[in-house]
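J.: this one's structure only:
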């Protein structure tokens, strides 16, 4: 079938960085200082799942500690030694290691506690109706009608 031509392959490091470093409201957005995401899947109009190349300099983190109600996530460590926080456990990761986070599983995030950069490939589906819990923060999120995230306090009050 003939359709719209697909975008040409590119070097992942040549992909533009996400314009906003974080979708979180303040004071949480500032905690993502230093993290850089290149949304690779969006470049190819991929709609069913997201693919991000995540650059974590020393002292940065991938996300707040979180768990999804419907979305599965997967990471592949390309460079560096990030620390995986999963539930209450920590695991030191290394290049070539992978980890998966099924929906309704343990809360998780990565931190770069080393003195060298970490680069991680992050993949997640885009399930409609997903809700995200943040057990360590006064924050929750649901996907909106446009597919974007709507953040509120745990009692339902919106962030200003």
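T.: Cool, got the structure. Predicted, not measured: the structure shown is a model, and the values here were computed from it.
J.: what bridges to the nearest residue to residue 79 once chain neighbours are set aside?
T.: Using Cβ to Cβ, 6 or more residues apart in numbering and skipping residues adjacent in sequence, the residue nearest residue 79 is residue 119, 4.2 Å away. The C-beta positions use only the backbone N, C-alpha and C, and glycine is treated the same way. Taking DSSP bridges as the rule, residue 119 bridges to residue 55, residue 79.
J.: Need the pLDDT of residue 119.
T.: At residue 119, the pLDDT value in this model is 98.
J.: Same check on the one 3 residues further on?
T.: The score at residue 122 is 98. That number is its pLDDT.
J.: which residues does the closest residue to residue 135 other than its chain neighbours contact?
T.: Once flanking residues are discounted, residue 135 sits nearest to residue 107: 5.2 Å by Cβ to Cβ, 6+ apart. For residue 107, the contact set (Cβ atoms under 8 Å, 6 or more residues apart in numbering) comprises 65, 66, 67, 85, 86, 87, 133, 134, 135, 136.
J.: What is the burial count for the residue nearest to residue 79?
T.: Per other Cβ atoms under 10 Å, the neighbour tally for residue 119 reads 19.
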